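Q: Turn this into a model:
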Amino acid sequence: MPGLIRRLLARFFREMTAIPAVVALACCLATASYFEVAPAFAAAVAPVSAANAVPTSAAPAAPASAAPAAADPGSPSNAVHVVDAAHATTPAAMADPTPLRIGSKRFTESYILAEVLAQAVAARTGQAPVVRQGLGNTAIVYQALQTGGIDLYPEYAGTIAQEILRSDRPLTLAQMQPELAARGLGADIPFGFNDGYALAMRAADADRLGIATLSDLARHQDLRLGLSNEFIGRADGWRGLARRYGYRQAPVGLDHGLAYEALAKGQVDVIDIYTTDAKIKALDLRVLRDDLGYFPRYDAVVLYRLDLPQRHPRAWAAMRDLAGSIDERAMIAMNARAELDGVSFQAIAHDWLAARSQGRTAPAPGSGARGFWAKLFGPDLGRLTAQHLLLVGVAVLAACLVAVPAGILVHARPRLRALALGLAGLLQTIPSLALLAVLISLTGAIGALPALTALMLYALLPIFSNTCAGLGEVSGSMRQAAIALGMTSWQALRLVQFPLARPTIIAGIRTASSIAIGTATIAAFIGAGGYGERIVTGLALNDRALMLAGAVPAAALALASELFFEALQWRLRRHARR
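A: As a prediction, this is how the structure comes out:
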């Protein structure tokens, strides 16, 4: 039985060789180049893949005279690409031959800080860190750190104390270290600014209603609150704030990047903000004073695996040189260039490091803006295309290897076929984000493995159902005629039924490919790369042009897939007439 199925699959794929050699070669080259820039994706069974690789220009070398700043023990603290080090000043290798892996959360400031860290390391060591941008909220990025998928990421001391360590009081860096060390982690390198949580509303409305503090807000329970989903669920977020101030409103969950637009359009009246957000001033918002002192300080630091300084000593030294180097004004300016001007995170980090090394002021907001076409045909287009093709190709191929043999085995068994179709159909009803969450929990991994598994599961139904339907459409008389000619049942299946069912099976693969191309954009929410990386970043920035720059290539790829399968089926029909 296994040998027969293997021969059937070999014949099936052999007869699909209508794919032009140049297309096959292009796919191989895309896959090879992707594995070269993101080797961790190739090992998809690893806890986290390095799926978001994008070359950027190297950062200028940090000044040699800069001394590492010590952490202040008294202050309580709050898309993957490879940074190009081709022009780095010191090409010596690090102690650990594996590249440093830097993660980030899915909001502007975290993207930028991850870039600053990566480019500073590249300039000092000559080795390119892998940057895994936009992995998700605190829980997801923290899990990636714990499982070894990343080595460090920018975090905030208030978040570490209350969300990760579950402390009911603010902690200093020194107070955090014992509990973090027990988990194999450490916190260090305070950047020099506090980015706290706060609530804000339109200044005109605040003046009209006489609202200046969070206590004043409690007297206006009719106001509509639009809060980020993470803030609603955090230990130091909405629930504790509502208890402290006596709020009774039921907030609406919004993506942080979209909340500002909702507020500007009057769809909500109050949103949660980060105090270094650039749009506070741009939209003339009033930040409400925390008069009861609910929020702790959220000083930006680096949360890292405890063995990192030993594994990458020179990279660690380069990052420690950044301690105390970014104040709130500088961070707001960098956020503004990303959110208001559409400048790439790589360019913002490069410009800030260059200005720091040369002792000059970093570019102000309003410089380096990019239009839609520049974003659409940006330098990351080739990388994202390779990643998206790889996600879709591997998932659909895996689905074929499962669904086609399964269809062959059960097509003549009505009860078993109905059960299998029901299970495959049930998988289609699970929302993609929910399925990804379940798979992350089951596999303990973030990135390629759960993304590929989800895409494969979604591709099963059309391939399996079409395999059963195609074989079922072959008339019984054809099979009986083959047996009358001396064929065995399995020879009749292989030489008569399967070739006749092939067009229907290919139609199922065609449908599965279209589904996978669209669904693969969701994979970027867990750091698996592809065109969704632009969409996710555009959501974080509320950048419609960037979201469209991710959606348009995905639509073009879906159209190309349809044209390819149409040409393939035409070729097979022509071959069958001969």
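
Q: drop to CA atoms for contacts and neighbour counts, all remaining ones
A: OK.

Q: For Val301, grab the count of nearby residues.
A: The local packing count at Val301 equals 27, with neighbours defined by other CA atoms under 10 Å.

Q: So what's the residue count around the closest residue to it other than its chain neighbours?
A: Take Val301 and drop its neighbours on the chain: the residue closest to it by CA to CA, 6 or more residues apart in numbering is Pro190, 4.3 Å away. By other CA under 10 Å, 28 other residues sit near Pro190.

Q: cool, and His575?
A: The burial count assigned to His575 is 11, neighbours taken as other CA under 10 Å.

Q: Now it: which helix or strand?
A: Applying DSSP states H and E as the criterion places His575 in helix 544-577.

Q: Please enumerate the strands of this protein.
A: Assignment of strands within the chain using DSSP state E yields the ranges 81-82, 101-103, 130-132, 152-156, 185-188, 197-202, 225-228, 252-254, 270-274, 285-287, 300-305.

Q: Turn the ones you listed into JSON lines, columns for mean pLDDT.
A: What follows is the strands of the chain, written out as JSON lines (pLDDT from 0 to 100):
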{"stretch": "strand 81-82", "mean pLDDT": "54"}
{"stretch": "strand 101-103", "mean pLDDT": "95"}
{"stretch": "strand 130-132", "mean pLDDT": "90"}
{"stretch": "strand 152-156", "mean pLDDT": "97"}
{"stretch": "strand 185-188", "mean pLDDT": "96"}
{"stretch": "strand 197-202", "mean pLDDT": "96"}
{"stretch": "strand 225-228", "mean pLDDT": "94"}
{"stretch": "strand 252-254", "mean pLDDT": "92"}
{"stretch": "strand 270-274", "mean pLDDT": "95"}
{"stretch": "strand 285-287", "mean pLDDT": "96"}
{"stretch": "strand 300-305", "mean pLDDT": "97"}
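
Q: Can you list the low-confidence ranges for the chain?
A: Under the criterion of pLDDT under 70, the regions of the chain flagged as low confidence span 1-96, 366-369, 576-578.

Q: Look up how far Ala418 lies from the closest residue to Ala144 other than its chain neighbours.
A: Of all residues beyond its chain neighbours, the one nearest Ala144 is Ile150 (5.9 Å), with distances taken as CA to CA, 6+ apart. Shown here: Ile150 relative to Ala418, a distance of 44 Å by CA to CA, to the nearest Å.

Q: my guess is the residue nearest to Val301 contacts Ala323, does it?
A: Yes - here Pro190 lies in contact with Ala323, judged by CA atoms under 8 Å, at a distance of 5.3 Å.

Q: Now stretch 440-452: buried residues?
A: Buried residues in stretch 440-452, counted by 16 or more other CA atoms under 10 Å: 440, 444-452.

Q: then that stretch to CSV, C-alphas only?
A: Taking Å, rounded to 0.1, in the frame of the first residue of the first chain, the C-alpha atoms of stretch 440-452 are listed here in CSV:
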residue,chain,number,x,y,z
ILE,A,440,1.7,28.4,19.3
SER,A,441,0.5,26.9,22.5
LEU,A,442,0.8,23.3,21.3
THR,A,443,4.2,23.6,19.7
GLY,A,444,5.8,26.1,22.0
ALA,A,445,7.1,27.9,18.9
ILE,A,446,6.6,31.2,17.2
GLY,A,447,7.3,31.9,13.6
ALA,A,448,7.5,29.4,10.7
LEU,A,449,6.4,26.2,12.4
PRO,A,450,2.9,27.2,13.6
ALA,A,451,2.4,29.4,10.4
LEU,A,452,3.2,26.5,8.1
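
Q: now it: how far from the chain's centre is it?
A: Using CA atoms, centre = their mean, to the nearest Å, the mean C-alpha position of stretch 440-452 is found 12 Å from that of the whole chain.

Q: what do you get for stretch 542-557?
A: Offset of stretch 542-557 from its chain centre (CA atoms, centre = their mean): 15 Å.

Q: Let me see the domain layout of this protein.
A: Each structural domain of the chain that the record assigns through automatic domain parsing is listed here as a residue range: 2-37+378-577, 81-194+298-369, 197-287.
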